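Peer 1: One predicted model, sequence on top.
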Amino acid sequence: MIQRCIQEAYRLTGKSGKEAALYAAVAVFNAWLYVLVCGFLGVHGVYGGGEEVGISLRGGLLAHLPGLAVAAWFAAGLTGRFTLHAAGGEAQAMPAYAGRWWFFRAGWDIVFSLIIWLAIPILKAKFWGATIIGIMWMITCLWLALRVSLWLNAAIGEGLGFRAGMKRSYELTRDRLWTLLLLGAILMGALKVLAWPLGKFIPNPAVVYYLDALLQGVGAVLVMAASAAFYTIVKAEGPAAPAGEGGAFWGKTE
């Protein structure tokens, strides 16, 4: 299934090539926006224009939120196109899906980012067991992210609401988490390998930062396309087999 999803991801990306390129460009814009907001808040983290800016964990989180809201509009629109094309239908322009789902996508992305952020102060805490609790918190967040990763595909593909889309994703991803995890790891890992030489051969950290943002945007596009393909496949197959009756592991039914 993984190979099939990756192949389909490239096909879907090519079918919405202009929209995919726009999303990658937005990723670069959001990288610049993050630096701008960091400067406004006086917090630290990245290089922008060759200058580093101040120190605050909370400020670093706040600096990410505007970019998440911007990316959510394009992500909702692109997910709609990928989902309809993966199902063999005719997709509308991005605004048709973004206008309907931007609020829910942005709200979920921001809330989930806040949930993940809570692991950082836990890991930095001085009490006994803080590291173990923080790691377990992050693992739980990863599990939750995978279980509901298809909610927008389900909502658009089946005409569901936000809550129903979450429940549908939870149903479709049962016993398929390893497949989803490996699929995302392959796509993003390949781009990380491409990004690694940037820091070695490009002396300007600002250039490296924006090129890395571009590659992350491309990776996000491929993951969205692969998720649409995955959703279409598992929807056709139906829910995974109940416990004790076999199941899907690494994308194959036992």
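Peer 2: Thanks, I have it. Numbers count the residues shown, from 1 in each chain.
Peer 1: Mean pLDDT per element in the chain, and the minimum belongs to which helix or strand?
Peer 2: Within the chain, no helix or strand scores below strand 248-249, which has a mean of 34 by mean pLDDT, DSSP states H and E.
Peer 1: Please, which helix or strand holds the closest residue to L172 other than its chain neighbours?
Peer 2: Leaving aside its sequence neighbours, L172 sits nearest to V234 (Cβ to Cβ, 6 or more residues apart in numbering; 4.9 Å). All C-beta atoms are positioned from the backbone trio N, CA, C, and that covers glycine. Of the helices and strands defined by DSSP states H and E, V234 is found in helix 205-237.
Peer 1: for that helix, the distance to its chain's centre please.
Peer 2: The chain centre lies 7 Å from the centre of helix 205-237; the measure is Cα atoms, centre = their mean, to the nearest Å.
Peer 1: gap between G60 and G134?
Peer 2: Going from G60 to G134 by Cβ to Cβ, to the nearest Å gives 17 Å.
Peer 1: Could you pull out the helices in the chain for me?
Peer 2: Here the chain has its helices, by DSSP state H, at 2-15, 17-41, 57-86, 94-117, 119-124, 130-147, 151-158, 162-172, 177-201, 205-237.
Peer 1: what sits against I6?
Peer 2: L183, I186, L187, A226 (Cβ atoms under 8 Å, 6 or more residues apart in numbering).
Peer 1: Check whether E158 really touches E171, as I assumed.
Peer 2: No: contact criterion Cβ atoms under 8 Å: E158 and E171 do not qualify, at 11.4 Å.
Peer 1: Compare the contacts of I6 and tell me which is most surrounded.
Peer 2: With neighbours taken as other Cβ atoms under 10 Å, the top of the contacts of I6 is A226, carrying 27 neighbours.
Peer 1: Spatially nearest residue to it (excluding sequence neighbours)?
Peer 2: Nearest one to A226, counting by Cβ to Cβ, 6+ apart, is A9 at 4.0 Å.
Peer 1: Any figure for the gap between the residue nearest to A25 when sequence neighbours are not counted and A75?
Peer 2: Once flanking residues are discounted, A25 sits nearest to G217: 7.5 Å by Cβ to Cβ, 6+ apart. Note on G217: its distance to A75, by Cβ to Cβ, is 10 Å.
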